[in-house]
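Undergrad: Compute the structure for the input listed below.
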Amino acid sequence: MLAFLLSLLLAFGPVGQSTPFDIRARDILLLGKGAESGTTYYDVVITRQPSQGVLIKLPYTRKGGTFTFDLHHRMALTPEFTEAEVTTVVEILTGGTTSIGTFPLSGKIAPGDKFRENIVKTRAAELDKYVTPVDTKTVTLDIRPGPQSISIVGQTQIVTRGTLTNRIDTPNARIATVSNLKFEETTGNSPLKKTPPM
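TA: Numbering: from 1, shown residues only. Sure, this is the predicted structure:
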């Protein structure tokens, strides 16, 4: 019975597979690479222009697929940093300026918090010395069949320290970082999905 089930699963093939795609983000959005993983980290700016965000050109697909990425707060953890509640909101644009969703990341950041790995920065400016991703949330999007471009843009960041709240919504402000961008194309039907009765 087990052998039959395995042969049935192999006959239907995989449900999805990792598919190459183009990241067309401007060079100035490249924060750097993970020192241990080699993962690329991109800054996300507040904008309504897809070309100014982390722009991604997905390949033509017959059945669509799934696009995922990790979202992080982008913070400067200076020696004077004090505990803060942070909410960062990014938006996904497609088809010009059509929104296909907003995605928040919320959490408490304490002095001395560190990211899971060091980032080898692309810029050596003193201003970027303490900038780092903080926290991680994986965002998953269902992608429709056909060709498609999407752009990850910033919407707002709210930082609360005690009774003081600061809202950042200035155009071109860098509020988030994204990494681990992946696209998995749907290549077949799930073998466990029931066929509807005729």
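
Undergrad: What pLDDT is listed against the residue lying closest to Thr78 once chain neighbours are set aside?
TA: Distances taken as Cβ to Cβ, 6 or more residues apart in numbering put Tyr130 closest to Thr78, at 4.8 Å, once the chain neighbours are dropped. Where you see a C-beta, it was placed from the backbone N, CA and C, and this is true even at glycine. Listed pLDDT for Tyr130 reads 92.

Undergrad: now do the one 5 residues further on
TA: Listed pLDDT for Asp135 reads 97.

Undergrad: That one: what's it in contact with?
TA: Asp135 makes contacts with 72-73, 86, 105, 107, 109, as judged by Cβ atoms under 8 Å, 6 or more residues apart in numbering.

Undergrad: for Gly101, same thing?
TA: Residues in contact with Gly101, defined by Cβ under 8 Å, 6+ apart, are 91-92, 141.

Undergrad: one more time with 10 Å
TA: 90-94, 139, 141 (Cβ atoms under 10 Å, 6 or more residues apart in numbering).

Undergrad: of these, closest to Gln148?
TA: Thr94 (6.3 Å; Cβ to Cβ).

Undergrad: Could you export the contacts of Gly101 as TSV, including neighbour count and secondary structure?
TA: Putting the contacts of Gly101 into TSV (neighbours: other Cβ atoms under 10 Å; DSSP: H, G, I helix; E, B strand; the rest coil) gives the following:
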residue	neighbour count	secondary structure
Val90	25	strand
Glu91	21	strand
Ile92	22	strand
Leu93	22	strand
Thr94	19	strand
Val139	16	strand
Leu141	17	strand
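
Undergrad: For those residues, give me TSV that also has pLDDT and distance to Pro50.
TA: Putting those into TSV (pLDDT from 0 to 100; distance: Cβ to Cβ, whole Å) gives the following:
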residue	pLDDT	distance to Pro50
Val90	98	13
Glu91	97	10
Ile92	96	10
Leu93	95	5
Thr94	89	8
Val139	97	17
Leu141	94	15
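
Undergrad: And for Thr82, the neighbour number?
TA: Thr82 has 10 neighbours, counted by other Cβ atoms under 10 Å.
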